[in-house]
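A.B. asks: have a look at this prediction, sequence included:
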There are 2 protein chains.
Amino acid sequence: MLWDVPRVSEEHLNARREQILDAARACFVAKGLHSTSMQDLIKEAGLSVGAVYRYFKSKDEIIAAIAETVTGGIMQHIETVAAQRLPLAESMDAVLVAIEIQMGPGGHLPIALQVWAEAAIDPAIAAIAKDRYVKLRGALQLLVENAVDSGELPEDTDVAAVTSAYYSLVPGFALQRMLTGTPDKDSYMRGLRLLINR
Amino acid sequence: MLWDVPRVSEEHLNARREQILDAARACFVAKGLHSTSMQDLIKEAGLSVGAVYRYFKSKDEIIAAIAETVTGGIMQHIETVAAQRLPLAESMDAVLVAIEIQMGPGGHLPIALQVWAEAAIDPAIAAIAKDRYVKLRGALQLLVENAVDSGELPEDTDVAAVTSAYYSLVPGFALQRMLTGTPDKDSYMRGLRLLINR
DNA sequence: CAGCATAAAACGAACGCTCGTTCTTGACGC
DNA sequence: GCGTCAAGAACGAGCGTTCGTTTTATGCTG
């Protein structure tokens, strides 16, 4: 038996995968997970049915792959913010800059909304989402730990509990903005400072 | 001729409508908006195809009707809390009691998640959601106004801005809990008090 | 008070269509 | 010429909805 020598470069294969996932993201933003048909997605990718089914064995697998990547951008941004060791309000402000970008054209937040809904229905997606959002909370916890180190919060602070409150401000802002259209980041931050700096 | 007299009582007609909507809610919680087929919903209601289509002319109309009612329970609860004129943290605690109930069996929050996702896709649902969540924010604003009246917040507070921050704590908590499984209301409130009472 | 007339209400088989997926076919690099 | 990959026609299942028919509830009539 011979070794499976790849006919095309591995980069080519990954590029095809990315091409499909990019098309899926575009379709999912426009039409949602379920109203996007495989035909829609295939046409958007500029590929054939057979080609797409070579890389993903079902639509569910594509949805799962998308769900895996949906927090990627924010995750990375939060780690950058953590390294700057800012006060809590400034950190949140910096995080929300990325959130506002993700809400705009090309952003992943409309897809995140779809994934949240799917997580309520499909255990496989729920498991992925749980993993990603627990990790995201872990990243935000660094910001709270910075505040303890700097003396902004007392030494004996229950860091996990504070993080859960702090964390909720992020999707809370995003959801409020996507559903009601307001507030913008600066109004929100002004209100938040009034609430926490007393 | 005077047979504009209804053949069946109006209560009966409304009851049938509610019967269909109750079935829809049960199905939507279990399978989501799109994976619930009309057959599923009709079977759950114990009716026939024709009967359901007498009361709603399409599946979209049923979804819209569900979206209309999804904030009802919380809205009512917040108004009750507002009448008690509690400090901000106590008010939030009281609101989250209702949120925890809505997350459990029979609660509307899993449906709310579906509606949020649909609002990102379907302008008709987006309009309904916008209306409901703007009104919900208005109800929460009363809690912030109480805090100004009582002196907990300064007289010149930007009430709308503070409300937007305060508001975000509600879906922020709900979403975090539904996706990650933690925290419970009491841990969350402990963290929140540490964050705002300084 | 029968019993008939009438229209609302409920029924469910059937329809056209689109879905996600499979499979046969052929092209191309080695 | 063999193995890999792409193409896209074809398929069965299941979708939302329609519509002709049957059942039910009521008022009218004799």
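C.D. replies: Good, I have the coordinates.

A.B. asks: where do the helices of chain A begin and end?
C.D. replies: Assigned by DSSP state H, chain A shows helices spanning A:10-35, A:38-45, A:49-55, A:59-69, A:72-83, A:88-103, A:109-119, A:123-149, A:159-180, A:185-196.

A.B. asks: so where's chain A shaky on pLDDT?
C.D. replies: A:1-12, A:198 (pLDDT under 70).

A.B. asks: check contacts around the nearest residue to residue A:192 once chain neighbours are set aside.
C.D. replies: Residue nearest to residue A:192 in three dimensions, not counting chain neighbours: residue B:165, with 4.1 Å by C-beta to C-beta, 6 or more residues apart in numbering or on different chains. C-betas here are computed from N, CA, C, even on glycine. Residues near residue B:165 by C-beta atoms under 8 Å, 6 or more residues apart in numbering or on different chains: A:169, A:188, A:191, A:192, A:194, A:195.

A.B. asks: okay, the helices of chain A, which one's buried deepest?
C.D. replies: Counting by mean count of other C-beta atoms under 10 Å in any protein chain shown, helix A:109-119 has the highest mean neighbour count of the helices of chain A, with a mean of 25.

A.B. asks: ok, that one near DNA strand C or not?
C.D. replies: No - figure legend: helix A:109-119 not in contact with DNA strand C (C-beta under 7 Å from any atom of the strand); closest approach 13.3 Å.

A.B. asks: tell me how far that helix is from the chain's mean position?
C.D. replies: Between the centre of helix A:109-119 and the centre of its host chain there is 9 Å, according to C-alpha atoms, centre = their mean, to the nearest Å.

A.B. asks: residues in contact with it?
C.D. replies: Against helix A:109-119 from outside (C-beta under 8 Å, 6+ apart): A:25, A:28-29, A:32-33, A:63, A:66-67, A:70-71, A:99, A:102-103, A:125-126, A:128-130, A:174-175, A:178, B:32-33, B:113-114, B:116-118, B:120, B:175, B:178-179.

A.B. asks: tell me the centre residue of chain A?
C.D. replies: What sits nearest the mean C-alpha location of chain A, by C-alpha atoms, centre = their mean, is residue A:71, with 2.2 Å.

A.B. asks: so what's the closest residue to it other than its chain neighbours up against?
C.D. replies: Distances taken as C-beta to C-beta, 6+ apart put residue A:132 closest to residue A:71, at 4.5 Å, once the chain neighbours are dropped. Residue A:132 is in contact with A:67, A:68, A:70, A:71, A:75, counting by C-beta under 8 Å, 6+ apart.

A.B. asks: ok, of the residues you listed, which one's closest to DNA strand D?
C.D. replies: DNA strand D lies nearest to residue A:68 out of the contacts of residue A:132, by C-beta to the nearest atom of the strand, at 21.5 Å.

A.B. asks: surely that closest one touches residue A:127?
C.D. replies: No - using C-beta atoms under 8 Å, residue A:68 makes no contact with residue A:127, being 10.8 Å away.

A.B. asks: quick check: residue A:153 vs DNA strand D, distance?
C.D. replies: Counting by C-beta to the nearest atom of the strand, to the nearest Å, the gap from residue A:153 to DNA strand D is 50 Å.

A.B. asks: now do that residue against DNA strand C, distance only.
C.D. replies: To DNA strand C, residue A:153 is 48 Å away according to C-beta to the nearest atom of the strand.

A.B. asks: and for residue A:75?
C.D. replies: 28 Å.

A.B. asks: isn't that residue right up against residue A:134?
C.D. replies: No - at 11.6 Å, residue A:75 and residue A:134 do not qualify as touching, with contact defined as C-beta under 8 Å.
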